[in-house]
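**Student:** 3D model of this:
(one chain, ligands or ions: 1)
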Amino acid sequence: MIIKNYINGSFLEPTLGNYIDNYNPSIGEIYGQIPNSTQEDVAQAYQAAKATFPSWSNTTLEERSAILSKIAQLITKKLEVLAEAETKDNGKPLSLAKTIDIPRASANFQFFANAITQFSSEAHETVGVNAMNFTLRHPIGVVGCISPWNLPLYLFTWKIAPAIAAGNCVVAKPSEVTPMTAYLLGEICNEAGLPKGVLNIVHGLGNTTGQAIVEHPNIKAISFTGGTKTGAHIARTAAPMFKKLSLELGGKNPNIIFADCDYELMLETTVKSSFANQGQICLCGSRIFIEKTIYEQFKKDFIQKVSQLKVGNPFDADTNIGALVSKSHLEKVKSYIDITEEEGGTILFGGKKVTVEGSEEGYYLEPTIIEVQNNSCKLNQEEIFGPVVTIMPFETEEEAIALANDVSYGLSATLWTNNLNRTMKMTKQIHAGIIWVNTWLLRDLRTPFGGVKASGVGREGGFEALRFFTEPKNVCIKY
Ligand code: TXE
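**Tutor:** Prediction:
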């Protein structure tokens, strides 16, 4: 299958005619090609977006909202096709794509279809001097949205939906590793009656196509989700051009477990927060800290539960853990497992590549539990982004807080306890953008989403996203 760029409502070949291979990670084979777009393709996408901006930014909210709702409905209608495309491209279990990824992509459009009708700005009366201020919130113009491969359509739409809801036109690039559902989204947008040029999708590599979007002088805002190194590079490129930036980057999230928690619920949820999507979610709790009094019990029960997970072809109904996204990513994750001993750790479970019958060339890895001696080892400091977690005991609340914060990232944290005072104290002191208490990945799309420290800048979600994709202007009237 050869896919094309989606520019001005049409499917176009890249101007230079260059393509790159697209792999199916569950069998390790090339199954398609995608454009390796250049600056010219990005410029073409920009021109289409620019030409449409005056009319799109002047559509009524009702009109915009209705089109976004229609896109949401069509995503739901095509759930099976989209889920299968996502699984083939990414290697994630089909059951996950069907229940999480694709429903959430639809929810993103429906949420912002509703949110834009409720978005408002402020007025400030300057009492005593007869002056009235009000804030206008203009769409920015043409904005860039760049997304990663772990939750392909889910994260792509998480940016595009608020951008176009707010009246912007978009030049977007999905990850070159997982381009398929973004390609299908172009067809859906046409079917939903989204005016041509509102959304333009260019495919290609990060350092060429992505870089061209970030460097484009008139693409005024960049919303990016991906690796921290890439985020830093994008920030360096965009800063001298004074672009608005939203960066959602990596995480090395603590999962802190106290003895007073609801043990069974914690255990079941911890298996998910460790290994869902092969551990390739920026919110996974990859550093597990357990109160010493229940450490041995937890170790035994956790290993037992994890040993029941089935690694297999993602299209099989009973598969819990599918393939990692690419061969190079599998090698990266494995390289961390290989340094366990020199980093003072012990592999308690897993650690090896898996050969799946009938899919022998696929990129499979056992869910892996490593016991570490301290938090300063590489396994606890660097984002592995695969099915690998570390475990380590702690004794006091203060120690748990120190361990949680002793890392360069600050995306999310999970806390398991039924002690209210401890909950309040710890949620205030942990450096993270999101903290879950007695749950994990429970999402309300109105809430601010993003991290601190090396996990990025800015927040997505709810009105935060609509604020990012609009430019405030204060008007002061003296009367
Ligand atoms: O991501 P990249 P990679 C982490 C995870 C992973 C590491 C590297 O630890 O192992 O990052 O993954 C585009 N200008 N996360 O290298 O490169 C790229 O084409 C503009 C965490 O695969 O950051 C893709 O569309 N764009 C993360 C997107 O950036 C550029 C999810 C993300 O790819 C670019 C993924 C450039 N110069 C990886 N270079 C999370 N936060 O969830 C690349 N891109």
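**Student:** who touches residue 85 in this structure?
**Tutor:** 180, 181, 184 (CB atoms under 8 Å, 6 or more residues apart in numbering). In short, each C-beta sits where N, CA and C put it, glycine included.
**Student:** Is it in a helix, a strand, or coil?
**Tutor:** helix (DSSP: H, G, I helix; E, B strand; the rest coil).
**Student:** got the residues of the chain near the ligand?
**Tutor:** Applying CB under 6 Å from any ligand atom, we find that the chain lies next to the ligand at 146-150, 173, 175-176, 206-207, 210-211, 214, 225-227, 230, 233-234, 248-250, 282, 332, 383, 385.
**Student:** low-confidence ranges in this protein?
**Tutor:** Regions of the chain meeting the criterion pLDDT under 70 are absent.
**Student:** spatially speaking, which residue is in the middle of it?
**Tutor:** In the chain, the centroid-proximal residue (CA atoms, centre = their mean) is residue 155; its distance is 4.8 Å.
**Student:** Next, the buried residues of the helix or strand where residue 71 lies.
**Tutor:** Following DSSP states H and E, one finds residue 71 within helix 61-77. Going by neighbour count (16 or more other CB atoms under 10 Å), the buried part of helix 61-77 is 64, 65, 67, 68, 69, 70, 71, 72, 74, 75, 76.
**Student:** Give me the helices and strands touching it, please.
**Tutor:** helix 102-118, helix 152-165, helix 180-191 (3 or more CB pairs under 8 Å, 6 or more residues apart in numbering; DSSP states H and E).
**Student:** So which elements touch the shortest one?
**Tutor:** Which is helix 180-191. Using 3+ CB pairs under 8 Å, 6+ apart, helix 180-191 is in contact with strand 5-7, helix 61-77, helix 79-90, helix 152-165, strand 199-201.
**Student:** Tell me which residues are up against the helix or strand just after the first one.
**Tutor:** In other words, strand 5-7. Note on strand 5-7: by DSSP H and E, the next helix or strand toward the C-terminus is strand 10-12. Strand 10-12 has contacts (CB under 8 Å, 6+ apart) with 4, 5, 6, 41, 44, 186, 196.
**Student:** before we move on, back to that, pick out whichever of the contacts of residue 85 sits closest to residue 270.
**Tutor:** residue 181 (29.3 Å; CB to CB).
**Student:** Tell me the buried residues within the residues of the chain next to the ligand.
**Tutor:** Buried, going by 16+ other CB under 10 Å: 146-150, 173, 175-176, 206, 210-211, 214, 225-227, 230, 233-234, 248-250, 282, 383, 385, out of the residues of the chain next to the ligand.
**Student:** what sits against whatever residue of the stretch 301-450 of the chain ends up closest to the ligand?
**Tutor:** Residue nearest to the ligand within the stretch 301-450 of the chain (CB to the nearest ligand atom): residue 385, separated by 3.6 Å. Taking CB under 8 Å, 6+ apart as the criterion, residue 385 is in contact with 150, 250, 279, 280, 282, 329, 332, 333.
**Student:** and it, helix, strand or coil?
**Tutor:** coil.
**Student:** Quick one: the helices in the stretch 301-450 of the chain, in order.
**Tutor:** Assigned by DSSP state H, counting those that start in this stretch, the helices in the stretch 301-450 of the chain fall at 327-338, 378-381, 397-405, 420-429.
**Student:** quick one, phi psi at residue 439?
**Tutor:** Here is the backbone geometry of residue 439 (degrees, to the nearest 10): phi -170, psi 180.
**Student:** That one - nearest residue in space that isn't next to it in sequence?
**Tutor:** residue 269 (6.7 Å; CB to CB, 6 or more residues apart in numbering).
**Student:** what about that neighbour, distance to residue 275?
**Tutor:** Using CB to CB, to the nearest Å, residue 269 is found at 11 Å from residue 275.
**Student:** between these two, which one's more packed in?
**Tutor:** More crowded of residue 269 and residue 275, by other CB atoms under 10 Å: residue 275, with 25 against 22.
**Student:** Quick check: the more buried one vs residue 367, distance?
**Tutor:** Taking CB to CB, one finds residue 275 at 5 Å from residue 367.
**Student:** shared neighbours, these two?
**Tutor:** With CB under 8 Å, 6+ apart as the test, residue 275 and residue 367 both reach 306, 309, 321, 387.
**Student:** Please report how far the second one lies from residue 171.
**Tutor:** Put plainly, it is residue 309. 40 Å.
**Student:** can you pull the contacts of the spatially closest residue to residue 139 that is not a sequence neighbour?
**Tutor:** Leaving aside its sequence neighbours, residue 139 sits nearest to residue 167 (CB to CB, 6+ apart; 3.3 Å). Going by CB under 8 Å, 6+ apart, residue 167 touches 56, 57, 59, 64, 138, 139, 470.
**Student:** repeat for residue 225
**Tutor:** 146, 147, 148, 155, 158, 159, 247, 248, 249, 282.
**Student:** Now with 10 Å, please.
**Tutor:** For residue 225, the contacting residues are 145-148, 150-151, 155-156, 158-159, 175, 231, 246-249, 282, 450, 456, 460, by CB atoms under 10 Å, 6 or more residues apart in numbering.
**Student:** Got the phi and psi for it?
**Tutor:** phi -130, psi 130.
**Student:** If we ignore the residues flanking it in sequence, what's nearest it?
**Tutor:** Per CB to CB, 6+ apart, closest to residue 225 is residue 248, 4.3 Å.
**Student:** what about stretch 411-430, distance to the chain center?
**Tutor:** 24 Å (CA atoms, centre = their mean, to the nearest Å).
**Student:** In CSV: the helices of the stretch 301-450 of the chain, plus distance to residue 21.
**Tutor:** Compiled in CSV, the helices of the stretch 301-450 of the chain are given as follows (distance: least, CB to CB, whole Å):
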stretch, distance to residue 21
helix 327-338, 12
helix 378-381, 32
helix 397-405, 41
helix 420-429, 46
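**Student:** tell me the SS of residue 149?
**Tutor:** Going by three-state DSSP: residue 149 is coil.
**Student:** quick one: it from residue 85, how far?
**Tutor:** Taken as CB to CB, the span from residue 149 to residue 85 is 13 Å.
**Student:** Now do the shared contacts for these two.
**Tutor:** 178, 179.
**Student:** Break down the stretch 151-300 of the chain into its strands, ranges please.
**Tutor:** Assigned strands in the stretch 151-300 of the chain, in chain order: 169-173, 199-201, 221-225, 244-248, 254-257, 287-291 (criterion: DSSP state E, counting those that start in this stretch).
**Student:** So which bits of stretch 112-131 are buried?
**Tutor:** Quick answer for stretch 112-131 (16+ other CB under 10 Å): 112, 113, 115, 116, 119.
**Student:** Quick check: chain neighbours aside, which residue is closest to residue 159?
**Tutor:** Nearest to residue 159 is residue 145, by CB to CB, 6+ apart, at 4.0 Å.
**Student:** Could you dump the contacts of residue 167 into a markdown table with secondary structure added?
**Tutor:** Converted to a markdown table, those look like this (three-state DSSP):
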| residue | secondary structure |
| --- | --- |
| 56 | helix |
| 57 | coil |
| 59 | coil |
| 64 | helix |
| 138 | strand |
| 139 | strand |
| 470 | strand |
